[in-house]
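Asks: Would you be able to build a 3D model of this:
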Amino acid sequence: PHGTPLACWQRHPAGDEQLGRPLCADCYDHAHHVVWNHHAGELWRRTKQHAERHLNQRARQRGLPKIRFSHGKAAEYQARGAVHFHILLRLDGIDPDNPGLIIAPPDGITTEDVIAAVTLAATTIAHTTDPHSARPEGWRIAWGQHHEIRRITLSASGDALDDQAVAAYLAKYSTKGTEATGHTSRRLTPDTIDLYANPDGTHPERLIAAAWTLGQAPGWAGLRRWAHMLGFGGHFLTKARRYSITFGSIRQERAAYRRAQALNDRPKGRGTPPTSAIPASSRP
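Replies: Residues are numbered from 1 along each chain as shown. So this is what the prediction gives:
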């Protein structure tokens, strides 16, 4: 409708700036894109709940105790600026006398059961956002058609991945941001928004403009706050509280280490307490 072919037969090399760009920028729904990014975290929460509920139904049918999922999740931007997640899922049992304890799940729940529950949730769960003046009926938020589920074992075999490979794979996202989309900036303000947003500009500029414009509506200020992240306001790495050591305890340990380090660096003889050290195993 805008005079642009809606098919491309060219083979693009890796790193080509055209990769991830809409064939027709005027046809593309940039508003829905940034709203999806903004609600992707909520979509994951509902997906995990649904998969866990489905597995517990299976457990009851088999006379087994309740189970729960624990997860670690890394977010990554595709070249087109849409967020997708790499998620580690672990199935845990539940001790009714000590719910905080991490125990193995019952033997009657198999890896195939977990894969079936996650697949069902990923292909059926969706929700609609609150109304917006630009879209009174709200936007539908759902996963795309592509997902991949792989087993993780202590030693790789067949189609399974080993735990060390997965840890290394997820660790690389600690340094990634919106660079893959061609955009990098800090949080935007009314004084800086015009440097990066243009409703008639490049694909990233249109996404930022959409987030900024939609974010002026009551209840949607988060889109303005995270316009520089194309609407996504989540952290690059999140996890369930019981998945592993908490981030809070890591921060406290780091703060204690820094305080001890500062005391050790102060000149002696000024009423400083005796030097102390944090055990090497506790240092970050």
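Asks: surely residue 236 meets residue 73?
Replies: No: if you go by Cβ atoms under 8 Å, residue 236 and residue 73 don't touch, sitting 9.3 Å apart. All C-beta atoms are positioned from the backbone trio N, CA, C, and that covers glycine.
Asks: more neighbours, the two?
Replies: residue 73 (21 against 18; other Cβ atoms under 10 Å).
Asks: Report the mean per-residue pLDDT for the helix or strand that one falls within.
Replies: If you go by DSSP states H and E, residue 73 is part of strand 67-77. Average pLDDT, strand 67-77: 91.
Asks: Any idea how far that strand is from the middle of the chain?
Replies: 8 Å (Cα atoms, centre = their mean, to the nearest Å).
Asks: what do you get for stretch 246-266?
Replies: On the basis of Cα atoms, centre = their mean, stretch 246-266 sits 28 Å off its chain's mean C-alpha point.
Asks: Indicate each strand paired with the strand holding residue 73 and its parallel or antiparallel sense.
Replies: Next to strand 67-77 in the sheet, as set by DSSP bridges, lie strand 83-93 (antiparallel), strand 237-239 (antiparallel).
Asks: Rebuild these as CSV, extending it with mean pLDDT and mean neighbour count.
Replies: Below are the strands paired with strand 67-77 laid out as CSV (pLDDT from 0 to 100; neighbours: other Cβ atoms under 10 Å):
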stretch, mean pLDDT, mean neighbour count
strand 83-93, 91, 18
strand 237-239, 82, 17
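Asks: I'd like to know how far residue 166 sits from residue 249.
Replies: Distance, residue 166 to residue 249, using Cβ to Cβ, to the nearest Å: 23 Å.
Asks: coming back round to it: so which of the strands paired with strand 67-77 comes closest to residue 154?
Replies: Closest approach to residue 154 among the strands paired with strand 67-77 (Cβ to Cβ): strand 83-93, 13.1 Å.
Asks: The biggest helix by length in the chain packs against which elements?
Replies: Ordering each helix of the chain by length in residues (DSSP state H) puts helix 30-61 first. Helices and strands touching helix 30-61, by 3 or more Cβ pairs under 8 Å, 6 or more residues apart in numbering; DSSP states H and E, are strand 67-77, strand 83-93, helix 111-124, strand 126-128, strand 140-142, helix 203-214, helix 221-225.
Asks: Dig out what the spatially most central residue of the chain forms beta bridges with.
Replies: Nearest to the geometric centre of the chain sits residue 75, at 3.4 Å (Cα atoms, centre = their mean). In this entry, residue 75 is beta-bridged to residue 85, by DSSP bridges.
Asks: isn't it right up against residue 85?
Replies: Yes: using Cβ under 8 Å, residue 75 makes contact with residue 85 at a distance of 5.7 Å.
Asks: how distant is stretch 89-98 from the center of its chain?
Replies: The chain centre lies 24 Å from the centre of stretch 89-98; the measure is Cα atoms, centre = their mean.
Asks: could I get that stretch in PDB with only the CA atoms?
Replies: Provided in PDB are the C-alpha atoms of stretch 89-98 (Å, rounded to 0.1, in the frame of the first residue of the first chain):
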ATOM      1  CA  LEU A  89      13.800 -23.900  34.400                       C
ATOM      2  CA  ARG A  90      14.300 -26.300  37.300                       C
ATOM      3  CA  LEU A  91      11.600 -28.400  38.800                       C
ATOM      4  CA  ASP A  92      11.600 -28.500  42.600                       C
ATOM      5  CA  GLY A  93       9.700 -30.500  45.100                       C
ATOM      6  CA  ILE A  94       7.900 -28.800  48.000                       C
ATOM      7  CA  ASP A  95       8.400 -29.700  51.700                       C
ATOM      8  CA  PRO A  96       5.100 -28.800  53.400                       C
ATOM      9  CA  ASP A  97       6.800 -28.400  56.800                       C
ATOM     10  CA  ASN A  98       9.600 -26.200  55.300                       C
END
